[in-house]
Structures are given as C-alpha cells and as structure tokens.
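*Asks:* I'll drop the sequence and a predicted model, then ask my questions.
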Amino acid sequence: MYNNYSIIKHLLAELRENMKMSKNVENYKNVEIKKSVTYVINSKGCTKNYECNLPYSYCGNGWLIDARSIGLGRDGKIYFTARNQFDTSNNQLGPSYLVSVVKNPPERSPGTNIVYKITDEQPNGPVFNRVNGIAGVNQLSNGKFLIIKDMYRYLPLYGTFDDQTKKYTTAFKQNFENSIYIEGDTMYRCIDTRLESVSPVPLSLDSPTPGSTSKLLYNTNYCLGLVKVGSNLIFTQRIQIGDQSIIGFYITVANCNNCSIPSPIFTVTDPAVYSVAADSNYFYYSTRNGLFRVPMNGDVSKRMKLSDNPNIKGIVRDQTSNGLYYASSFVNGSSIVRIDAVDYGITTLYDYIGASNPSTSTGTCQCLSAFTGDNCSNCNGTVNWETDPATNINYPVCHPFLPDGSVSYCSQDWQCTNNPYNYCLDNSCVCRKGFGGNICQYCSSNNVTWSDGIPTCNLYYHGYTTSS
C-alpha cells in the first residue's frame, strides 16, 4: 500500500508542476436571488488528493462533471458522473466515477460521495469509448442509471454498469442530441423524427428484454429535449424557417398513438437548448445565455431568467419538492446547484473552480464509499483491493456486511465471518458441507469431523451419517 501511495503522490506532484495557472474562472452571477447558501463540511481541508488519507479518502474539490450528467435518485440524492482533476495518467484524465450529493442537505452538507468507479472504458484507439453522463433523469426500476458512453465515429452507447462484475452492458445506441426520460419500467425517447415509448426498458443489446415493445407516439421534426409531467410529455424540436433554425416547445399527451404534433406553445431563437425540465406550472430550459423559466401557457412576456451561467448542460425538476437542480461544467470546474422553484433561493451543493484558481479551491477530505472514521480507514464489512486498468494503481473497495451480519462480498476464504465453517465461492460466502445459519454456525447433528483443517457436519439419514 505504501508503494501505491508513493505512485499516486508522484503523479499528482508531477501534474501540479505542469498545470497552467491561467485565469480561466467561470464568470457568471445568479439573479433574482432571495438567499444564497454554500455548504461546507467541518472536516480536514484540502486542495489536492494527496493531502487526504490516500487511498481511503480523496479531496472533494476536484470533480469535473460530465457535460450531460445529472440524475435524480429515489434516495434523496442527486447523481452525476465525473472525473477527478487530479486523477490522471499520460496527461489524460482517469476513469469516470458515479458520484452523489444530498439534494436537500441539512445545516451542513455531507459533501460528495463516490458510489463506484466505472472501470470498463477504452480511453484510446479505434474502439474508444468514454463515459459522458447520465440519461433519462430517473433511476431504472432495478436502481441503476442509464450511463452514456461516447464512441469514436459511432453513435453513443446507452447502458448500465455493474459494480460487482465491473462490466458495462450496452442496452442501445442513439444520437446524444435525442433525449430520454425514464418513468418506472417505461422509457420515452426521441429518435430523430420519432417520439416513442419503450416498455420495459431495454437492458441489453445482445440479449433483448423479453416482451419489450416500442410504440410510436408522435412524428416529429428532429425531437430534442424530453420530460414527462403527470400524463403529459413536454418536448422540444428544431424548426427550420428559411435559413434560420429555432426551437419549439410542445405539450402533448403521453398515451397517443402515431399522432401529429400540435403547434408549439412558444419558441426560442437560440440555436442550442442544452437541457429541458418542467413541472405543472413552468417550463425550464438552459442555453448559452443562462437558465430560464416560462409559464406553462407559453406567455414569454413572463419569462424569468434564473441564472446567467452559460454552462448549464443538465437540469432536473424534482416533482416531490420545490427543488430545481442543475449541473454546470466548464473547462476547469463544475458545480451542482439547487434553486428553490418557489422563492428562488440558491443552494450550492457542490462547487469546484479547479486549476485556474487553486488557492481558492479548498475542499474537504471525503471517504470512499462505505469507509468511515477520522481517517476513512474503517470498513464495517470486507475490504477488497482492485486495480484500475487505466492507471494500474490499486484502490480499496469496502463491501458492508448485510443486515444479518453476514458478508456481502468476498475474494478470499478468510474474509468470511465464520471461516473455516464457510468459505468464499464466486465472491459469496457459502457453508461447508452440512452447516447452516447466516454465518454457517449450526450443525444440526452436532457431529463434526475434521480433515486438513476443513470441518464437515455429518448429518444423519436413516441411521447413517453423510460421511459414511
């Protein structure tokens, strides 16, 4: 472990020396704010990862959020994919992580939390593929998110990542400009000139989901942004008027069948609408000119500008609260911000300026997922060391015990709680012959024999034991 620490420290020191300290700070302000709060954690301050207890903790100020990345969890958290400013190899940012932050923090935010590292990427070559965000806003019914992977010369991939097998499974491919919205087991998506629903959501391109059917809802003219509110679909599409391209905003019912789209509720002349959200009262959208709100009746005279930030690429409206969330990503920094949709109060959940102004980019040391303690070295479970294929550097993973106290994941026999009465098989602890119980602590016959340090519980069947 000391050698891994030295390698990481050396890489970070080398990167620090080569960084350009050019002034490149995002220049924007928030308007019509009644209150503004930035949460910080009362723990060890840091500006670089090596100032924390590597590799069990990291400096929570270096996340560069993927451009199209923001998702709404069912557990009170906002999810996004990001790479760490200080995790590099061969002058290239390292692997992507799925990261979460509490969407309605208490008096002091608990900060960011690494959910898992996405190691199944190919950063170079003709089969290049790199994670670049979350699709569909909401979690799938299995609790996972659709992860987008950009490809070299090919359509982006949409699929899920399994943290146990470390494998990414492609579900389908489509243009990144065409939006997706997930609701339970149904996916609504824009496919160029189609707006369709697919149920259940496809999970594997190689093994299609049995019974999965697609339904054409509307014929569109290059459908873009998409969100569902109640029984209505809210979407945008590009409209060509002579040499000018504008964006139209539409409200339609979600249960239509091969219908023609109605007239737009309103239009905007900005050529690029980055992201769209809505609730029962308002449209929300972001462009290079900022973040805007328009009443659902399309009265643009009542359009309100919520932020001047030109880098808002992902927005979501939490239908269970007053929260409107956005992810901002630029060259050397990122932020996750909550705007109260009623009083317009601003809460900065995460903010990082980056290498452009390192003296003010102080963060706090954050434990890797499931690790606890002052130095983040405690794990109420088993610790396994895995190797990042992109950097060849080892890192620890804490697998918490199950509620009954049994081991949730193992790689060696000794990690099983009651070894040698149980042992590790296919990353799960299983009982030796004849033993039972959550940690294999029971032998109903009380007849235990040993051979080469391995116990066998000899059960009685019609006067004979299992060892006879």
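*Replies:* Right, received. Where do you want to start?
*Asks:* Residue 240 pairs with what?
*Replies:* With DSSP bridges as the criterion, residue 240 is bridged to residue 245.
*Asks:* Tell me how far it lies from residue 225.
*Replies:* Computed as Cβ to Cβ, to the nearest Å, the residue 240 to residue 225 distance reads 17 Å. Yep, even glycine has a C-beta here, placed from its N, CA and C like the rest.
*Asks:* more crowded one of the two?
*Replies:* Counting neighbours by other Cβ atoms under 10 Å for residue 240 and for residue 225 shows that residue 225 has the greater number, 26 against 10.
*Asks:* So which other helices or strands are in contact with the helix or strand harbouring that one?
*Replies:* Element membership for residue 225 (DSSP states H and E) is strand 223-229. With contacts defined as 3 or more Cβ pairs under 8 Å, 6 or more residues apart in numbering; DSSP states H and E, the packing partners of strand 223-229 are strand 180-183, strand 186-191, strand 194-199, strand 232-241, strand 275-278.
*Asks:* For it, buried residues please.
*Replies:* Of all the residues in strand 223-229, those buried under the rule 16 or more other Cβ atoms under 10 Å are 223, 224, 225, 226, 227, 228, 229.
*Asks:* ditto for stretch 202-209
*Replies:* For stretch 202-209, a neighbour-count test (16+ other Cβ under 10 Å) marks 202, 203 as buried.
*Asks:* what's in contact with stretch 145-160?
*Replies:* 66, 68, 71, 79, 81, 98, 118, 121, 126-136, 139-140, 142, 144, 161, 168-176, 180, 182, 203-205 (Cβ atoms under 8 Å, 6 or more residues apart in numbering).
*Asks:* Would you mind measuring the gap between the ends of that stretch?
*Replies:* Terminal residues of stretch 145-160 are spaced 6 Å apart (Cα to Cα, to the nearest Å).
*Asks:* what's the helix or strand for residue 53?
*Replies:* Using DSSP H and E, no helix or strand contains residue 53.
*Asks:* So it is in contact with residue 366, correct?
*Replies:* No. With contact defined as Cβ atoms under 8 Å, residue 53 does not reach residue 366; the gap is 10.6 Å.
*Asks:* Between the two, which contacts overlap?
*Replies:* Common neighbours of residue 53 and residue 366 (Cβ under 8 Å, 6+ apart) are residue 376.
*Asks:* Quick check, residue 396 in contact with residue 382.
*Replies:* No. Counting by Cβ under 8 Å, no contact exists between residue 396 and residue 382, whose distance comes to 10.4 Å.
*Asks:* who has more neighbours, those two?
*Replies:* residue 382 (22 against 18).
*Asks:* Angles on the backbone of the residue nearest to that one when sequence neighbours are not counted, please.
*Replies:* Nearest residue to residue 382 in three dimensions, chain neighbours excluded: residue 415, at 4.5 Å (Cβ to Cβ, 6 or more residues apart in numbering). Dihedral pair for residue 415: phi -80, psi -10, per degrees, to the nearest 10.
*Asks:* tell me the contacts of residue 415?
*Replies:* Residue 415 touches 382, 384, 407, 424, 429, counting by Cβ under 8 Å, 6+ apart.
*Asks:* cool, residue 291 as well?
*Replies:* Contacts of residue 291 by Cβ under 8 Å, 6+ apart are 284, 285, 305, 306, 307, 309, 312, 315, 326, 339.
*Asks:* I'd like the contacts of residue 415 written out as JSON lines, with secondary structure, distance to residue 455 and pLDDT added.
*Replies:* As requested, those are exported to JSON lines (DSSP: H, G, I helix; E, B strand; the rest coil; distance: Cβ to Cβ, whole Å; pLDDT from 0 to 100):
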{"residue": "382", "secondary structure": "strand", "distance to residue 455": "21", "pLDDT": "91"}
{"residue": "384", "secondary structure": "strand", "distance to residue 455": "25", "pLDDT": "89"}
{"residue": "407", "secondary structure": "coil", "distance to residue 455": "18", "pLDDT": "91"}
{"residue": "424", "secondary structure": "strand", "distance to residue 455": "16", "pLDDT": "95"}
{"residue": "429", "secondary structure": "strand", "distance to residue 455": "15", "pLDDT": "93"}
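*Asks:* Distance to residue 102 for the residues you listed - can I get that in JSON lines?
*Replies:* Output for these, formatted as JSON lines (distance: Cβ to Cβ, whole Å):
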{"residue": "382", "distance to residue 102": "27"}
{"residue": "384", "distance to residue 102": "27"}
{"residue": "407", "distance to residue 102": "28"}
{"residue": "424", "distance to residue 102": "35"}
{"residue": "429", "distance to residue 102": "33"}
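*Asks:* with those in mind, which one is nearest to residue 273?
*Replies:* The closest of the contacts of residue 415 to residue 273 turns out to be residue 384 (Cβ to Cβ; 44.2 Å).
*Asks:* which residues does the closest one contact?
*Replies:* Residue 384 neighbours (Cβ under 8 Å, 6+ apart): 396, 397, 399, 409, 410, 411, 415.
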